[in-house]
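# Below: sequence and its predicted model.
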Amino acid sequence: MSYKCFNCNKKISEVQIKKRVRCLYCGSKIIFKERSVATNVKAR
(Lines give C-alpha, C1' and ligand atoms only; values in the text may rest on other atoms or scores of the structure.)
Protein backbone atom coordinates (compact mmCIF):
# COMPACT_ATOMS: atom_id res chain seq x y z
CA MET A 1 0.00 0.00 0.00
CA SER A 2 1.28 3.46 -0.77
CA TYR A 3 0.70 6.80 0.87
CA LYS A 4 0.92 10.33 -0.46
CA CYS A 5 1.94 13.59 1.13
CA PHE A 6 -0.87 16.15 1.14
CA ASN A 7 1.58 19.03 0.80
CA CYS A 8 4.06 17.96 -1.92
CA ASN A 9 2.04 15.04 -3.41
CA LYS A 10 5.03 12.63 -3.34
CA LYS A 11 4.53 8.90 -2.82
CA ILE A 12 5.74 7.37 0.44
CA SER A 13 6.01 3.63 1.07
CA GLU A 14 4.41 1.82 4.01
CA VAL A 15 7.83 0.84 5.35
CA GLN A 16 8.89 4.49 5.63
CA ILE A 17 5.63 5.41 7.42
CA LYS A 18 6.29 2.81 10.15
CA LYS A 19 9.61 4.48 10.98
CA ARG A 20 8.48 8.09 10.83
CA VAL A 21 5.09 9.81 10.42
CA ARG A 22 6.39 12.76 8.40
CA CYS A 23 6.99 13.24 4.71
CA LEU A 24 10.60 12.51 3.82
CA TYR A 25 10.62 15.23 1.19
CA CYS A 26 8.94 18.28 2.78
CA GLY A 27 8.45 17.32 6.46
CA SER A 28 4.67 17.61 6.41
CA LYS A 29 2.68 15.60 8.98
CA ILE A 30 -0.40 15.23 6.75
CA ILE A 31 -0.18 11.93 4.85
CA PHE A 32 -3.05 10.00 3.29
CA LYS A 33 -3.66 6.62 1.66
CA GLU A 34 -4.26 6.57 -2.06
CA ARG A 35 -7.58 5.07 -3.14
CA SER A 36 -7.49 2.75 -6.12
CA VAL A 37 -11.24 3.13 -6.80
CA ALA A 38 -13.03 6.45 -6.87
CA THR A 39 -15.85 6.79 -4.35
CA ASN A 40 -19.00 8.83 -4.76
CA VAL A 41 -20.66 10.36 -1.74
CA LYS A 42 -24.27 11.45 -1.98
CA ALA A 43 -25.54 14.29 0.18
CA ARG A 44 -28.84 13.74 1.92
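Nice, I can see it. Please read these numbers as outputs of a predicted model, since none were measured by experiment. Residues are numbered from 1 along each chain as shown.

# For the helix or strand bottoming out on mean pLDDT in the chain, which residues meet the burial criterion?
Lowest by mean pLDDT, DSSP states H and E among the helices and strands of the chain is helix 14-19, with a mean of 80. Under the neighbour-count criterion of 16 or more other CB atoms under 10 Å, helix 14-19 has Ile17 buried. (Each C-beta comes from the backbone N, C-alpha and C, glycine too.)

# Can you show me the strands along this protein?
Secondary structure of the chain by DSSP state E: the strands cover 2-5, 11-13, 31-33.

# what packs against the longest one?
Applying 3 or more CB pairs under 8 Å, 6 or more residues apart in numbering; DSSP states H and E, we find strand 2-5 packed against strand 11-13, helix 14-19, strand 31-33.

# what lines up beside it in the sheet?
Partners of strand 2-5 in the sheet, by DSSP bridges, are strand 11-13 (antiparallel), strand 31-33 (antiparallel).

# now those in CSV, with distance to Thr39 and mean neighbour count?
CSV is the format used below for these (distance: least, CB to CB, whole Å; neighbours: other CB atoms under 10 Å):
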stretch, distance to Thr39, mean neighbour count
strand 11-13, 20, 13
strand 31-33, 12, 12
